[in-house]
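K.L.:
let's see this in three dimensions:
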Amino acid sequence: MDMTFNKNEDAHRLTWAELLQRRDRVALGGGKKRQEKLRRQGKLPARERLDRLFDGGKWLELGTFAGWEMYAEYGGAPAGGVIVGLGKIAGRTAIAVANDPTVKAGAWFPITAKKNLRAQEIAMENRIPIIYLVDSAGVFLPMQDEVFPDKEHFGRIFRNNAVMSSEGILQIAAVMGSCVAGGAYLPVMSDESLIVDKTGSIFLAGPYLVKAAIGEEVDKETLGGATTQTAVSGVIDAKVADDEECLERIRTLMGQVGAAETAGFDRTQPAPPKHSPEEIAGILPADGSRPYDMMEVIRRLVDNSEFTPYKPDYGKTIICGYARIDGWAVGIVANQRLIVKNARGEMQVGGVIYSDSADKAARFIMVCNQKKIPLVFLQDVTGFMVGSKSEHGGIIKDGAKMVNAVANSVVPKFTVIVGNSFGAGNYAMCGKAYDPRLIVAWPSARIAVMGGAQAAQTLLQIRVSALEKQGKKIDEAEKEKLLYEITSRYEAQTSPYYAAARLWVDEIILPTETRQWISKGIEIANHAPIKKRFNVGVIQT
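P.N.:
A predicted model of the protein is given here:
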C-alpha cells in the first residue's frame with residue numbers, strides 16, 4: 001500500500017467512526033431517563049421491541065438520521081421519533097414501524113409522517129408485510145400545519161392502509177401505548193390488531209378532550225383501554241398481557257402466513273469478494289474531486305471480485321456490466337472517475353457523463369430489463385458534459401435516452417451514492433426521484449445541484465451584485481468573508497447527513513455494509529413479481 005492509500009484510509013476511517021458514534025447517539029432517542037421511565041411502566045423501548053420482533057434480533061434500520069439536526073427549537077426529534085426496521089419475522093421478510101415514545105411521547109413531526117410513508121411505500125413496492133407498533137400521542141400540535149392537510153401528510157397513511165388491504169399486503173398493528181385521534185384508524189384499518197393490557201389505549205379523543213367537548217368525565221381505561229376495545233367495542237382483535245406477549249403473538253401470526261409468489265431473480269451460492277471491502281477506505285480519495293478507478297471499488301463489492309463488462313471500450317466514463325452480490329445476479333451501472341480516452345482518442349474527464357456513456361448506459365439498462373436482472377447504480381457523478389461540442393453532438397438527447405431508460409425500468413433498482421451526486425447526473429444515475437427500491441449513501445457522499453466551489457462562486461456573484469445595486473461597495477476582504485460564509489453553508493447542505501435528515505436517502509451506511517443492503521433489497525424485491533413490460537416510450541434517436 002502506498003502513502004496515498006494510507007492517507008485516504010486515515011481520512012475515511014475517521015468518517016466511518018463518526019457514523020458509528022452518531023448512530024449510537026440517535027439510538028438513545030429521547031435519552032436514558034425516558035427509556036428507564038418506560039421500563040417502570042412495563043414497556044420496552046422502541047428498538048428493543050424490534051429486537052424481540054425480528055428473528056435473532058437482526059434487522060436493518062432505515063432512516064436512522066431522519067430529522068438529524070432539525071426541529072432544534074422543539075428539542076429535536078432523533079430518528080424522526082419513529083424506528084423502521086427491515087428483516088425476517090418467523091422466517092418471513094417484513095418491514096416494521098415502531099413509534100418511539102421517548103421522543104415527545106411519540107408525537108408526529110413532519111419528518112415522522114414522511115418516514116412512515118416511506119416504510120409503507122417499501123411494503124407496497126415489494127409486496128411485503130408491514131407491522132405497526134403504535135405508541136404515539138398523535139400529531140405534534142405546534143407543527144400541525146406541516147403534518148395534517150397535504151397529500152403526503154398524515155392522512156396518506158390511512159389511504160395507504162386501505163390500498164394495501166385491497167391488494168392483499170398483510171398489515172398487523174399492535175397498540176402498545178397511546179393511539180389517539182386520527183391515528184386510531186391505523187390499527188382498525190390493518191388486517192389484524194392487538195392491544196397491550198393496561199399500557200395500550202385507543203380512542204378518537206382522550207379524557208381531557210372528551211370533557212372539553214361534551215362535558216363527560218371518563219378515565220382513559222374505561223374510555224379506550226384494552227378491555228373496552230376488545231370486549232365491549234370489538235375495535236381490536238385481541239388483548240395481550242405485556243410487550244413480550246404482544247411481540248410473540250405477532251411472530252406467531254407471521255409464522256402462519258403462506259409463501260409469497262416471487263419475481264424469480266437469479267441467485268446462486270454467495271461468495272465473498274476476493275479483495276476485502278475494508279480496502280475501499282484507501283481506494284476512495286479523501287478529496288472527492290480527485291480521480292480513482294471505480295473498478296477497484298466494484299471488485300470489493302461483488303462475489304469473487306468477478307465482473308463481466310458490457311461495451312468496455314465504448315463510453316468509458318460509465319462502467320456497465322454483470323456480477324453477483326451475495327449470490328444475486330445484478331447489472332451494475334457505475335461512474336468511472338479516471339480520465340480516459342474515447343474511441344476518437346479524445347480525453348474524457350472522469351465522473352462526467354458524455355454522449356457515448358449515456359448511450360451505453362441506456363442500452364445496458366434495456367438489456368437488464370429484457371433479462372430480468374436487478375440494477376445497481378454506483379454514483380460518483382459531477383453531471384453531464386457541457387460546452388458547444390457536447391451540445392452540437394446532442395448531449396441533451398443522449399442524456400434524455402438514459403433518463404428515459406432509468407425512469408421506465410421495471411426491474412428493481414438500487415442506488416449507492418459513493419461520492420459526488422451532482423445535477424442531472426443524480427437523476428440519470430437513479431436518484432431518489434427515479435424510484436430506487438432502496439437508496440443509500442456512504443459517508444463520502446455529497447448531494448447537490450452542482451459542486452461546492454462552482455456553486456459558491458455563482459452565489460457570491462449574485463450576492464455581490466445585489467449589494468452593489470444597493471450602493472454598497474464590496475472590497476476583496478469582504479468578498480472573501482462572504483465566500484467563506486456561502487461555501488460553509490452550501491457544503492453543510494451537501495452532506496449525506498443533511499440528505500438523510502430529509503430522507504433523500506434511506507440510510508447512511510459503511511461501504512463494508514453495502515453487500516448486505518443490496519442483498520436484502522433484492523430479497524424483498526423478489527416478493528413482487530414483475531407484471532409490467534419495459535417500454536421506454538418516445539426517444540429521440
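K.L.:
which parts of stretch 352-367 are buried?
P.N.:
Buried residues in stretch 352-367, counted by 16 or more other C-beta atoms under 10 Å: 352-366. Heads up, the C-betas are built off the backbone N, CA and C, glycines and all.
K.L.:
show me the residues you listed that map onto helices.
P.N.:
355-366 (DSSP state H).
K.L.:
which of the buried residues of stretch 352-367 sit farthest apart?
P.N.:
Val352 and Met366 (22.5 Å; C-beta to C-beta).
K.L.:
and Pro272, helix, strand or coil?
P.N.:
coil (DSSP: H, G, I helix; E, B strand; the rest coil).
K.L.:
which non-adjacent residue is nearest it?
P.N.:
Asp303 (7.3 Å; C-beta to C-beta, 6 or more residues apart in numbering).
K.L.:
quick one, what contacts that neighbour?
P.N.:
270-273, 323-327 (C-beta atoms under 8 Å, 6 or more residues apart in numbering).
K.L.:
between these, which has the most around it?
P.N.:
Ile325 (25 neighbours; other C-beta atoms under 10 Å).
K.L.:
so which helix or strand takes in the nearest residue to it once chain neighbours are set aside?
P.N.:
Distance criterion C-beta to C-beta, 6+ apart; nearest residue to Ile325, sequence neighbours excluded, is Ile518 at 5.0 Å. Assessed by DSSP states H and E, Ile518 sits inside helix 514-525.
K.L.:
so which bits of that helix are buried?
P.N.:
Applying 16+ other C-beta under 10 Å to helix 514-525 flags 514-515, 517-525 as buried.
K.L.:
quick one: the residues you listed as TSV, columns for pLDDT too.
P.N.:
Below are the buried residues of helix 514-525 laid out as TSV (pLDDT from 0 to 100):
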residue	pLDDT
Thr514	98
Arg515	98
Trp517	98
Ile518	98
Ser519	98
Lys520	98
Gly521	98
Ile522	98
Glu523	97
Ile524	97
Ala525	98
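K.L.:
just the residues you listed now: which is nearest Val376?
P.N.:
Among these, and counting by C-beta to C-beta, the member closest to Val376 is Ile518, at 5.9 Å.
K.L.:
low-confidence regions, the stretch 1-150 of the chain specifically.
P.N.:
Counting by pLDDT under 70, the ranges of the stretch 1-150 of the chain that qualify are 1.
K.L.:
now the strands for it?
P.N.:
Ranges of strands in the stretch 1-150 of the chain, per DSSP state E, counting those that start in this stretch, are 59-62, 82-89, 92-99, 130-136.
K.L.:
chain center to the longest helix belonging to the chain: distance?
P.N.:
Criterion DSSP H: the longest helix present in the chain is helix 3-27. Its chain's C-alpha centre and that of helix 3-27 lie 20 Å apart, by C-alpha atoms, centre = their mean, to the nearest Å.
K.L.:
just the angle for that helix relative to strand 82-89, thanks.
P.N.:
100 degrees (axes from the mean of the first three to the mean of the last three C-alpha atoms, to 10 degrees).
K.L.:
what packs against helix 3-27?
P.N.:
Other elements packing on helix 3-27 under the criterion 3 or more C-beta pairs under 8 Å, 6 or more residues apart in numbering; DSSP states H and E are helix 280-283.
K.L.:
give me the helices and strands touching the helix it packs on, please.
P.N.:
Helix 280-283 packs on helix 3-27, helix 294-298, going by 3+ C-beta pairs under 8 Å, 6+ apart.
K.L.:
now do that helix: distance to the chain's middle.
P.N.:
24 Å.
K.L.:
for the stretch 201-350 of the chain, just list every one of the helices.
P.N.:
207-214, 220-224, 226-227, 243-255, 280-283, 294-298 (DSSP state H, counting those that start in this stretch).
K.L.:
among those helices, which is nearest Trp108?
P.N.:
By C-beta to C-beta (comparing all of the helices of the stretch 201-350 of the chain), the closest turns out to be helix 207-214, at 17.0 Å.
K.L.:
okay, Ile325: pLDDT?
P.N.:
Note on Ile325: pLDDT of 98.
K.L.:
now Met347
P.N.:
pLDDT at Met347 comes out at 82.
K.L.:
hang on, it packs against Lys341?
P.N.:
Yes - here Met347 reaches Lys341: they are 6.1 Å apart, a contact under C-beta atoms under 8 Å.
K.L.:
how about this protein, which residue sits the furthest from its center?
P.N.:
The centre of the chain is farthest from one residue, Gly471, which by C-alpha atoms, centre = their mean lies 46.9 Å away.
K.L.:
which helix or strand contains that residue?
P.N.:
Here Gly471 is assigned to no helix or strand, by DSSP H and E.
K.L.:
so how far is Lys481 from it?
P.N.:
Distance of Gly471 to Lys481, computed by C-beta to C-beta, to the nearest Å: 19 Å.
K.L.:
same question, Val175
P.N.:
For Val175 relative to Lys481 (C-beta to C-beta), the value is 55 Å.
K.L.:
the two: which is more packed in?
P.N.:
Neighbours were tallied for Val175 and for Lys481 using other C-beta under 10 Å; the higher tally belongs to Val175 (31 against 12).
K.L.:
so what's the more buried one up against?
P.N.:
134-135, 187, 193-196, 200-202, 229, 236.
K.L.:
can we see that at 7 Å?
P.N.:
134, 187, 194-196, 200, 202, 236 (C-beta atoms under 7 Å, 6 or more residues apart in numbering).
K.L.:
which residues touch the residue nearest to Asp356 when sequence neighbours are not counted?
P.N.:
Ranked by C-beta to C-beta, 6+ apart and with sequence neighbours excluded, the top spatial neighbour of Asp356 is Gly315, at 4.0 Å. The contact partners of Gly315, taken as C-beta under 7 Å, 6+ apart, are 354, 356-357, 359-360.
K.L.:
from these, which is closest to Arg127?
P.N.:
Using C-beta to C-beta, the contacts of Gly315 come closest to Arg127 at Lys360, 32.6 Å.
K.L.:
pLDDT wise, what is the residue nearest to the closest one when sequence neighbours are not counted at?
P.N.:
Nearest non-adjacent residue to Lys360, counting by C-beta to C-beta, 6+ apart: Gly315, 3.4 Å away. Note on Gly315: pLDDT of 94.
K.L.:
ok, Gly315 to Ser357 distance?
P.N.:
Gly315 is 4 Å from Ser357, by C-beta to C-beta.
K.L.:
again with Met164
P.N.:
Taking C-beta to C-beta, one finds Met164 at 39 Å from Ser357.
K.L.:
before we move on, what about Gly387?
P.N.:
Counting by C-beta to C-beta, the gap from Gly387 to Ser357 is 15 Å.
K.L.:
ends of stretch 82-102, what's the gap?
P.N.:
10 Å (C-alpha to C-alpha, to the nearest Å).
K.L.:
meant to ask about stretch 499-512, not that
P.N.:
20 Å.
K.L.:
which of the contacts of Gly315 lies closest to Pro149?
P.N.:
Among those, and counting by C-beta to C-beta, the member closest to Pro149 is Ser357, at 44.0 Å.
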